[in-house]
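**Student:** got a predicted model here, sequence first, then my questions.
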Amino acid sequence: MNFWKDGLRLLCVRLDNLGDVLMTTPAFRALKTTWPAAHLTLLTSSAGAAIAKFIPEIDQVISFDVPWVAGQQQQPDQVIDLGNRLRSHQFDAAIVFTVQSQNPLPAAMLCYLAGIPRVLGYCRENPYQLMTDWVPDPEILVATRHEVIRQLELVREIGCHTTNRSLSLTRSIADQQRVRQQLTTAGLDLQRPWLVLHPGVSEEKRRYPAEQFVQALLPLMQDSGYQVVLTGSKSEQSLTSQIQHQLTGRAVDLAGQLSLGELAALLAEAPLLIANNTGPVHMAAALGTPVVVLYAKTNPQHTPWQVPSRVLYFDVPMALRSKNKLLQQFPEPAEPTASLETIVRAVHDLMAQWQPIA
């Protein structure tokens, strides 16, 4: 008799960032579509947990920043406590979702110590007892599939499918109303062309230079009348303030002023987002908002999913390149490259059919 069936208590392990969680939502939907009575608990980072409450396929969230993901620090006893906590949930099975460059074995060991009897995941080498349902990872040196496809094909191994492959993200009417009020109060005219710029990113190597954003935005504002709204976290306020100053104070700076739900509402409202390869790009994709993404040459599988977009590539500075040889592989030629001209052209192309919302 097949173990994998409806009604299971499943632990979905996705330990990295907000955007990674969003790119896994079609796989979550495949699980729920195939098995409506399954209970999905998401084990994720604090950043992933923040977006999880806007993902309807997830029933429960456990937040923990594991020490084998960059930038996180935990004591051994805290990891042991997490294993005991997971054991108390008595999960029937776990699915370990990882990007091509990640090692799934620490997460698989956590599931093993938690007494979870069945574990599905990709792995390059034979994980033996750590992963009962091992799928040999076909992406050895470089990612060859989009992240969404990678995770959909993983759950297909246990018979789960969906015809709806869009990213999943909900937003509230209350957040939408608050955002519209903020924009109106700031003097933004929603009947004129406008766009959102999100210049920050969690990793410095993926950050496009602020001054080059400014050089592209100035002609868009001066020659084509674009209005610009800046977004970011509280820690990114100095960056957005610098950009606003260089734009002669004519941009609306909302960095540090929006909840995640309000950011989703803003992106749903916006005609266009310009950003680095970062979480809000995937939020915009989930909401159907066109994107111009300044894409550092790392993780080629994370481009905007199923939304009008322009991907403009730039090199990671040598000093910031990952020591992970897998992340140093990038398909070439990576074109078009990012520049003032390509950014301006991308904005005009994507905004050509824009009509103001009544």
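**Tutor:** That came through fine.

**Student:** how's the protein carved up into domains?
**Tutor:** Listed domain ranges for the chain are 9-156, 174-351 (source: automatic domain parsing).

**Student:** wait, what's in contact with residue 214?
**Tutor:** Residues in contact with residue 214 (CB atoms under 8 Å, 6 or more residues apart in numbering) are 243, 246-247. Backbone N, C-alpha and C define where each C-beta goes, glycine included.

**Student:** from residue 197, how far off is it?
**Tutor:** 10 Å (CB to CB, to the nearest Å).

**Student:** list residues touching both of the two?
**Tutor:** By CB under 8 Å, 6+ apart, the residues touching both residue 214 and residue 197 are residue 243.

**Student:** hmm, back to that, in a markdown table, list the domains of the chain along with mean pLDDT and distance to residue 163.
**Tutor:** Rendered in a markdown table, the data for these read as follows (pLDDT from 0 to 100; distance: least, CB to CB, whole Å):
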| stretch | mean pLDDT | distance to residue 163 |
| --- | --- | --- |
| domain 9-156 | 95 | 8 |
| domain 174-351 | 92 | 13 |
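
**Student:** which of the contacts of residue 214 sits closest to residue 167?
**Tutor:** The shortest separation between residue 167 and any of the contacts of residue 214 is 27.5 Å, and it belongs to residue 243 (by CB to CB).

**Student:** how about the CA coordinates for stretch 275-286, as PDB?
**Tutor:** The C-alpha coordinates for stretch 275-286 follow below in PDB (Å, rounded to 0.1, in the frame of the first residue of the first chain):
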ATOM      1  CA  ALA A 275      14.400  45.800  -7.900                       C
ATOM      2  CA  ASN A 276      17.300  43.600  -7.300                       C
ATOM      3  CA  ASN A 277      16.800  39.800  -7.300                       C
ATOM      4  CA  THR A 278      15.100  39.800  -3.900                       C
ATOM      5  CA  GLY A 279      11.900  38.900  -2.100                       C
ATOM      6  CA  PRO A 280       9.600  41.700  -3.300                       C
ATOM      7  CA  VAL A 281      10.300  40.600  -6.900                       C
ATOM      8  CA  HIS A 282       8.600  37.300  -6.100                       C
ATOM      9  CA  MET A 283       5.800  39.100  -4.200                       C
ATOM     10  CA  ALA A 284       5.200  41.200  -7.400                       C
ATOM     11  CA  ALA A 285       5.200  38.100  -9.500                       C
ATOM     12  CA  ALA A 286       2.700  36.500  -7.300                       C
END
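
**Student:** what's around residue 69, how many residues?
**Tutor:** By other CB atoms under 10 Å, the residues close to residue 69 number 14.

**Student:** now do the helices in this protein.
**Tutor:** Read by DSSP state H, the chain holds these helices, from start to end of the chain: 18-23, 25-34, 46-52, 76-89, 105-113, 147-156, 173-185, 210-224, 237-246, 260-269, 279-287, 340-351.

**Student:** so residue 208 touches residue 276, yeah?
**Tutor:** Yes. With contact defined as CB atoms under 8 Å, residue 208 counts as touching residue 276 (5.5 Å).

**Student:** mutual contacts of the two, please.
**Tutor:** Common neighbours of residue 208 and residue 276, counting by CB under 8 Å, 6+ apart, are 199, 294, 296.

**Student:** picking that back up, out of the contacts of residue 214, who has the most neighbours?
**Tutor:** Ranked by neighbour count (other CB under 10 Å), the contacts of residue 214 have residue 243 at the top, with 22 neighbours.

**Student:** who's in contact with it?
**Tutor:** For residue 243, the contacting residues are 197, 199, 210, 213-214, 230, 251, by CB under 8 Å, 6+ apart.

**Student:** closest one of these to residue 352?
**Tutor:** Using CB to CB, residue 197 comes nearest to residue 352 of the contacts of residue 243, at 19.3 Å.
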